[in-house]
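Student: Give me a model of this one.
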Amino acid sequence: MILPVPRPSPGGGEAVTCHAADFATRWVNSATVVIRVDGELDAANSPQLVDYALRHAGRIKYLVADLTGVEFFGIAGFSAAHDINGRCAHAKLTWTLVPSPAVVRLLQICDPDGTLPLNTTVPDSVWDNGGSGGLFQLIPEAG
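Tutor: Coordinates of the predicted model:
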């Protein structure tokens, strides 16, 4: 998949606009990257999100997908999150998703068992990732 040419982002890193969404990269340290998404995630840009989010997967340990700026999250956005989840597990890459209210609404329907690794804020996610050193639990334990 071909992504638009990156431009510098205000917080350092790089950013691209893809249809109705802006993707931006912020490096926390050499092992941790935060991917921020603002706008709408749907079938027009969800495949590009997967490519954008995972383009540094070979050289990082922790990925935070900050979707707090997402105003519309279609079923294709959920499929993208699920794809990122599987690819991160395959690459032994720890990741977390920080959802907006629009993302939470769809996840309540599409992911009622909570299989996607969620956090409430980016700082908590970055802190948790920096200290965990392992994969998030992808399948909840039966209790």
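
Student: Sheet partners, orientation included, of the helix or strand where W27 lies?
Tutor: Using DSSP states H and E, W27 sits within strand 21-29. Using DSSP bridges, strand 21-29 pairs in its sheet with strand 14-18 (antiparallel), strand 32-41 (antiparallel).

Student: Now do the last one: everything it contacts.
Tutor: This points to strand 32-41. With Cβ atoms under 8 Å, 6 or more residues apart in numbering as the contact definition, strand 32-41 has outside contacts at 13, 19-28, 49, 52-53, 56, 60-74, 76-77, 80, 122, 126, 129-130. Where C-beta positions appear, they are placed from N, C-alpha and C, glycine not excepted.

Student: Mark which of those residues are buried, thanks.
Tutor: Among the contacts of strand 32-41, those buried by neighbour count (16 or more other Cβ atoms under 10 Å) are 13, 21-26, 28, 49, 52-53, 60-68, 70, 73-74, 76-77, 80, 122, 126, 129.

Student: circling back: just the strands paired with strand 21-29: most buried one?
Tutor: strand 32-41 (a mean of 22; mean count of other Cβ atoms under 10 Å).
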